[in-house]
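*Asks:* How does the following fold in three dimensions:
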Amino acid sequence: MNNINLLSGISYVEFINNIDNLINELLYSPDNGYTALYSKNAVMSAQKVLDKFNHESQKLKRQVDFPDSDKIIDEKRADLIKQIKKHYEAQQLAWADEVYGNMLENCFLQASIFKNDKEVKDKIYARILSGVSWIANIHNLDDEAMNKLIKLNVSKFHQALNSNDSDFIPKVNAENTDYVLFLEFRDLILKDKDKFLLTDFNSLSEKLIDEDIKYFDRLKRDLKTYKINTVKDDILLVNSAMDILKIKNSHEKYNFIKLIENDFNSELDKIDENKKIELVKRRMQLFKNSLHNDNISEYYKSKIIS
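*Replies:* Residues are numbered from 1 along each chain as shown. Sure thing, here's the model as predicted:
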């Protein structure tokens, strides 16, 4: 193969790789990849993902001169659409479930408020039955499953009639995370992964801030993929650093873990184990400095004069 053919072949494969890289970024980027979006957000963003692919793929096309570049892009677009559609349909159902769940919460709250008003109670009861019929149709439930759902929600309706409205007022989200609980769930990944995977972190919004709920949800997704070893190794690495530093206080452990996570994320595209260890060592030194509440960092001083 002469040099011209060799270079042409390399450029051709590189072009295909670049299109694949674009698709992977659009779908799986940890920051804003489409598969990381959920419910209504995912449904409303589907077209934007495709539009961005069309725009960016044309930019890549202008960098090459292959007669079948349009064909390659069209084939890759078709594959992307299939993946978008799969996630879109799943999240469409998730959005419907959220709307349905919110509707029931409102009905039960109103039932507890208007327990002595027959006209309003009848309207609420009818709305619950209508809602069940709607969600059953969306999920294609058979008559038996729908009847079970009706029975369940009618029972909750009657419970609401015998409850106080305060029992159904939405819970206030936590302003600060329960550090002990956070560490327990993080350690659970190493002790009992299956139990961790079964945990509904969204139900813990009174104990965990939204950022930490998303953090654990991301770990749940990663534990179901090839990233499982990396997740566990990272926890062991950071735990080892805290042990060396003899950090005992739960709040300090939590803060140290968050600092390390920020370091890892800032180097996400180029990080490997050696880099992680380097970042952990650096953070350990900075953390020790911070315990002295000093404006002068011995760590940075040593770096400057080295």
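
*Asks:* any idea how far Asn176 lies from Lys207?
*Replies:* Remark: distance between Asn176 and Lys207 (C-beta to C-beta, to the nearest Å) = 10 Å. C-beta here means a position set from N, CA and C on the backbone, and glycine is covered the same way.

*Asks:* These two - which one has more neighbours?
*Replies:* Neighbour count, other C-beta atoms under 10 Å: between Asn176 and Lys207, Lys207 has more, with 18 against 10.

*Asks:* nearest spatial neighbour of the more buried one, skipping sequence neighbours?
*Replies:* Once flanking residues are discounted, Lys207 sits nearest to Asp178: 4.5 Å by C-beta to C-beta, 6 or more residues apart in numbering.

*Asks:* before we move on, what about Leu37?
*Replies:* Using C-beta to C-beta, 6+ apart and skipping the chain neighbours, the partner closest in space to Leu37 is Ser45 (5.6 Å).

*Asks:* so who does Phe256 touch?
*Replies:* Val238, Ala241, Met242, Leu245, Ile247, Arg283, Phe287 (C-beta atoms under 8 Å, 6 or more residues apart in numbering).

*Asks:* which parts of the helix or strand in which Leu181 is found are buried?
*Replies:* Element membership for Leu181, per DSSP states H and E: helix 179-191. Using 16 or more other C-beta atoms under 10 Å as the test for burial, helix 179-191 gives Tyr179, Phe182, Leu183, Phe185, Arg186, Leu188, Ile189.

*Asks:* by contact count, what packs against that helix?
*Replies:* Secondary-structure packing of helix 179-191 (3 or more C-beta pairs under 8 Å, 6 or more residues apart in numbering; DSSP states H and E): helix 193-198, helix 210-223, helix 228-244, helix 250-266.

*Asks:* What residues sit buried inside the shortest one?
*Replies:* By neighbour count, with 16+ other C-beta under 10 Å as the criterion, the buried positions of helix 193-198 are Lys193, Phe196.

*Asks:* helices and strands around that helix, which ones?
*Replies:* Counting by 3+ C-beta pairs under 8 Å, 6+ apart, the packing neighbours recorded for helix 193-198 are helix 179-191, helix 210-223.

*Asks:* With Phe66 as the reference, name the closest of those helices.
*Replies:* Taking C-beta to C-beta, helix 210-223 is the member of the helices and strands packed on helix 193-198 nearest to Phe66, at 36.3 Å.

*Asks:* So for the chain, the centremost residue is which one?
*Replies:* Residue closest to the average C-alpha location in the chain (C-alpha atoms, centre = their mean): Arg218, at 4.4 Å.
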